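*Asks:* Model the structure of this input:
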Amino acid sequence: MDSKFSPGDKVRVMERSQPGHVRTPMYVRGKSGVIERIVGPQPNPETLAYGQSGLPYKMLYRVNFSQKVLWPDYEGEDNDSLEIEIYEHWLEQV
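*Replies:* Residues are numbered from 1 along each chain as shown. A predicted model of the protein is given here:
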């Protein structure tokens, strides 16, 4: 399975309202970050959670977000960040 993104790519998390079990936190939806690393293909948790096979596998990435991007009122250091694992079908190129 080929990855769509590479480490260093700037991405944005899609802002969609999807009911049910998803592993994409609301606070990162619509926000931009940078691919830190490719975790690799994993079962899709959005179907796995409902007793299905989780197939086809989905590519999973570790994405780094600036804390100030996530929380505009953040009072910590400018270089503070948070890394979150996000599936490829939630990401788009910036």
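*Asks:* Now do the strands for this structure: every range, in order, please.
*Replies:* Secondary structure of the chain (DSSP state E): strands located at 10-13, 32-42, 58-66, 81-87, 91-93.
*Asks:* Tell me which of those strands sits most buried.
*Replies:* Mean neighbours per residue, mean count of other CB atoms under 10 Å, is largest over those for strand 58-66, with a mean of 20. Heads up, the C-betas are built off the backbone N, CA and C, glycines and all.
*Asks:* by contact count, what packs against it?
*Replies:* Judged by 3 or more CB pairs under 8 Å, 6 or more residues apart in numbering; DSSP states H and E, the packing partners of strand 58-66 are strand 10-13, strand 32-42, strand 81-87.
*Asks:* of these, which approaches Gly51 most closely?
*Replies:* strand 32-42 (17.2 Å; CB to CB).
*Asks:* Look up phi and psi at Gly54.
*Replies:* Main-chain dihedrals, Gly54, degrees, to the nearest 10: phi 80, psi 10.
*Asks:* who touches it in this structure?
*Replies:* Gln42, Pro43, Asn44, Pro45, Thr47, Leu48 (CB atoms under 8 Å, 6 or more residues apart in numbering).
*Asks:* Touching, Glu15 and Arg29? I think so.
*Replies:* Yes. In this structure, Glu15 is within contact of Arg29 by CB atoms under 8 Å, at 4.6 Å.
*Asks:* of those two, who's got more company?
*Replies:* The neighbour comparison of Glu15 against Arg29 (other CB atoms under 10 Å) goes to Arg29, with 17 against 11.
*Asks:* check contacts around the more buried one.
*Replies:* Here Arg29 is in contact with Val13, Met14, Glu15, Arg16 (CB under 8 Å, 6+ apart).
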